[in-house]
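Novice: Please find the sequence and the predicted model below.
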Amino acid sequence: MLRRTAKGEYLMSEITLKKERPKHLDLRVIKQPIPAIASILHRVSGAGLFLMLPFLIYLLQLSLESPQSFETFKAVAGHPLAKLVLLGLLWAFLHHFCMGIRILLLDLNMGTDLQPARTSAKAVLAVSLVLTAILGVKLW
């Protein structure tokens, strides 16, 4: 019969068993599988899109309000830092979209085995980067 001590140890007769705990949970050290990385990036991209929504609405307002505000929009959107932010948002949207399709397919029990899950995660990462490169070159 096991009894737990105040230190979190388990006593079994005269043998002391220590409860195994992880030594550390440093995410930079732990090697994540590709589907986990794609899933984490899905959450990060969604949060980024949500947090940047006021900036995008502001740009939309500038582009539609008047001819003078459209000139302001062109000046703001033409700045290299703004272009870089918009390129990041483009990647976030494309990754979030592609990963959302992958998650919908997983919900339908398509590609839930280990190898198809890894392949689809790699495909999501590749497709989102390629589409970002193509559209980014066109929009830059």
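Specialist: Alright, I've got the coordinates.

Novice: So in this structure, where's the weakest helix or strand by average pLDDT?
Specialist: Lowest on mean pLDDT, DSSP states H and E among the helices and strands of the chain sits strand 15-17, with a mean of 55.

Novice: ranges for the helices of this protein?
Specialist: Listed in chain order, the helices of the chain (DSSP state H) span 34-51, 53-65, 67-78, 80-107, 114-139.

Novice: can you put those helices in JSON lines and add distance to Leu25, mean neighbour count and mean pLDDT?
Specialist: Glycine gets a C-beta too; all of them are placed from N, C-alpha and C. Listed next are the helices of the chain as JSON lines, based on distance: least, C-beta to C-beta, whole Å; neighbours: other C-beta atoms under 10 Å; pLDDT from 0 to 100:
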{"stretch": "helix 34-51", "distance to Leu25": "14", "mean neighbour count": "16", "mean pLDDT": "96"}
{"stretch": "helix 53-65", "distance to Leu25": "32", "mean neighbour count": "12", "mean pLDDT": "95"}
{"stretch": "helix 67-78", "distance to Leu25": "41", "mean neighbour count": "12", "mean pLDDT": "94"}
{"stretch": "helix 80-107", "distance to Leu25": "24", "mean neighbour count": "16", "mean pLDDT": "96"}
{"stretch": "helix 114-139", "distance to Leu25": "22", "mean neighbour count": "15", "mean pLDDT": "95"}
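
Novice: Figure out which of those is closest to Glu20.
Specialist: helix 34-51 (22.4 Å; C-beta to C-beta).

Novice: gap between stretch 100-117 and the chain center?
Specialist: 17 Å (C-alpha atoms, centre = their mean, to the nearest Å).
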